[in-house]
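Student: Whatever this is, show me its structure:
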Amino acid sequence: MSLAIGHFAVGAGITLLGYQIVRPEIRRKVPNKWLMAILAGLWAMFPDLSQFVKRLEGFHDSLWANIGFFHQIMERLDTHDSIWVSAVLVVFMGTIVVSLLMSDIWHFLRKK
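Tutor: Below is the predicted model:
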């Protein structure tokens with residue numbers, strides 16, 4: 001089982017990384033990249049709802065949980081809820097966030 005913050009970081013990080021990779025014409029059509037990243041992070045944690053909704057227990061333990069940004073794969077790789085694994089994933093997400101912020105600042109200053 002992986003910590004929730006690790007799942008959130010993977011979902012948000014992959015979404016922001018994908019946002020950064022796509023062409024600028026497509027990027028301009030996205031209304032709010034930060035909201036999109038938060039929603040993706042929450043989607044990555046969706047299979048963990050089984051802790052609160054008992055009907056979803058089978059979903060959490062199935063391969064279908066991988067639609068939540070590789071949720072089941074992360075659960076099997078990090079069986080001990082390692083803080084270090086989650087910390088590495090948060091640093092991964094933080095690096096992408098900082099690079100996006102720097103890119104936004106760069107484009108803002110170039111327009112002036």
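
Student: The helix or strand where Met93 lies packs against which elements?
Tutor: Using DSSP states H and E, Met93 maps to helix 83-111. Secondary-structure packing of helix 83-111 (3 or more CB pairs under 8 Å, 6 or more residues apart in numbering; DSSP states H and E): helix 4-21. The C-beta positions use only the backbone N, C-alpha and C, and glycine is treated the same way.

Student: Show me which parts of the helix it packs on are buried, residue by residue.
Tutor: The neighbour-count check on helix 4-21 (16 or more other CB atoms under 10 Å) flags 5-17, 19 as buried.

Student: Contacts made by that helix with the rest, please.
Tutor: Helix 4-21 is contacted by residues 27, 30, 33, 36-38, 40-45, 48, 68-71, 74, 78, 85-86, 89-90, 92-93, 96-97, 99-100, 103 when judged by CB atoms under 8 Å, 6 or more residues apart in numbering.

Student: and the residues you listed, which are buried?
Tutor: Buried among the contacts of helix 4-21 (16+ other CB under 10 Å): 36-37, 40-41, 43-45, 48, 68-71, 74, 78, 85-86, 89-90, 92-93, 96, 100.

Student: which stretches of this protein have low pLDDT?
Tutor: For the chain, the stretches with pLDDT under 70 are 1.

Student: As a markdown table, the buried residues of helix 4-21 with distance to Lys54 would be great.
Tutor: Converted to a markdown table, the buried residues of helix 4-21 look like this (distance: CB to CB, whole Å):
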| residue | distance to Lys54 |
| --- | --- |
| Ile5 | 24 |
| Gly6 | 24 |
| His7 | 20 |
| Phe8 | 23 |
| Ala9 | 27 |
| Val10 | 25 |
| Gly11 | 24 |
| Ala12 | 28 |
| Gly13 | 30 |
| Ile14 | 29 |
| Thr15 | 29 |
| Leu16 | 33 |
| Leu17 | 34 |
| Tyr19 | 36 |
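
Student: Alright, I will stop here.
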